[in-house]
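Visitor: sequence? don't have it. structure:
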């Protein structure tokens, strides 16, 4: 019997099956042969939220959650954050290798010169309510670009795919900045092609009446690092949405909009905003022990701690903590940092958290850092979406090239009624309205 196989004995029939093992996995379809009889559909796996199911093969991002390792295309995240720009990392994610100087210059030029939005798109954004959330505007505008670039539907053309990828990466900072300016009632600022990716984003956010916006180098570099840390993170909720929607061969604007919609949820991209609310609730460093006790008593969760993948210190959190100190040298120390540091100190020494492997994740410090840099909390998820767009598109490009991929279509376990007789309306019994429903 081959070594890389798994023997399965079905105790219902006493039959034994042999299935191959590849990369530590078995193919779910290999279980279909396990049946109790000719009318049996065959065995399926049941895995809510895909906790232990691989839906694709990917060469982009590697994570070892037990060891706290994160690598893009084999490069440790710590090295990339220290030595690269965001667009350099975006190139790495897309093409698999770090660019030469000539390749990087061409890549940066192309993206920079696709940062302008069509005037009709600007008017589209002006139509949102004055109080519209920036993330809602971001999602809607990305989707609307599908109507601006009809060639985006040629998803089986490598040249057309790359054209859209460059367009999207170039335009998402512009959309994000215009969403913010709309929300605060300021006129939109056009891109400045003389500036770097992050400097230009800050220009479009914060330029007022000065002839030329000049970003502080330390703040621009810190934002670049944050973008690198958020660029990709394997098959998370939003990336899975990107792949699932993309598998129908819809255009990348609609696929990115679906991914951004998934990111908008508080359990995904909005987690750092929840951390800030928690720190505001704690108030001062002296209140931390009492707050920790209430967490241990089960009153609520400690936001920014723990991660489904990481059972060790999130490597991104370490980098953000270091980068935050550089930002605070420019902006002044944020009082929330002292509360956060005390929370971390107690949690890392307390058996309750240690046994549960609840370590700080990327959201724990990023919100404090964003706030110190001048970003409003409602912009945090948008800030996440800008760099993650590069990761989503790299995953989408990989999906388009994968011969094994088909349109996503998970199975279900049906738990409803069997076939029933139709009941005429005059003989139907009223169904009590659940208490949580509003009264009619």
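Guide: Happy to help now that I have it. Everything numeric in this text was worked out from a predicted model, so none of it was measured. Residues are numbered from 1 along each chain as shown.

Visitor: which parts of the top helix by length along the chain are buried?
Guide: Scanning the chain for the longest helix, with DSSP state H as the assignment, gives helix 158-184. For helix 158-184, burial by neighbour count (16 or more other CB atoms under 10 Å) applies to 160-161, 163-183. The way it works is simple: take the backbone N, C-alpha and C, and place the C-beta from them, glycine included.

Visitor: any idea how far that helix is from the chain center?
Guide: Distance of helix 158-184 from its chain centroid, counting by CA atoms, centre = their mean, to the nearest Å, is 16 Å.

Visitor: what's the answer for stretch 23-32, then?
Guide: Centre to centre, stretch against its chain (CA atoms, centre = their mean), the figure for stretch 23-32 is 28 Å.

Visitor: in that stretch, what counts as buried?
Guide: For stretch 23-32, by 16+ other CB under 10 Å, it's 30, 31.

Visitor: cool, and stretch 8-23?
Guide: 8, 19.

Visitor: that one: end-to-end distance?
Guide: End-to-end distance for stretch 8-23: 18 Å, by CA to CA, to the nearest Å.

Visitor: counting by contacts, list what the longest helix of the chain packs against.
Guide: With contacts taken as 3 or more CB pairs under 8 Å, 6 or more residues apart in numbering; DSSP states H and E, helix 158-184 sits against helix 101-112, helix 119-126, helix 134-148, helix 197-206, helix 252-263, helix 380-401.

Visitor: go again using 7 Å as the cut-off
Guide: The contact analysis (3 or more CB pairs under 7 Å, 6 or more residues apart in numbering; DSSP states H and E) places helix 158-184 against helix 101-112, helix 134-148, helix 197-206, helix 252-263, helix 380-401.

Visitor: mean confidence for it?
Guide: In this model, helix 158-184 has an average pLDDT of 97.

Visitor: do stretch 81-97 as well
Guide: Here stretch 81-97 scores 97 as its mean pLDDT.

Visitor: what are the contacting residues of that stretch?
Guide: 59-60, 72-73, 80, 98-99, 104, 107-108, 111, 165, 169, 197-198, 224-225, 227-229, 231-232, 319, 387, 390-391, 393-394, 397 (CB atoms under 7 Å, 6 or more residues apart in numbering).

Visitor: which of the residues you listed are buried?
Guide: Neighbour counting over the contacts of stretch 81-97 (16+ other CB under 10 Å) leaves 60, 72-73, 80, 98-99, 104, 107-108, 111, 165, 169, 197-198, 224-225, 227-229, 231-232, 319, 387, 390-391, 393-394, 397 as the buried ones.

Visitor: spatially, what comes nearest to residue 118 if we skip its sequence neighbours?
Guide: residue 148 (5.8 Å; CB to CB, 6 or more residues apart in numbering).

Visitor: also residue 386?
Guide: That would be residue 172: by CB to CB, 6+ apart, it lies 5.1 Å from residue 386.

Visitor: which stretches of the stretch 201-350 of the chain have low pLDDT?
Guide: For the stretch 201-350 of the chain, applying pLDDT under 70 flags the ranges 308, 310.

Visitor: repeat that with 90
Guide: 265-277, 280, 292, 295-318, 320-326, 328, 331-350 (pLDDT under 90).
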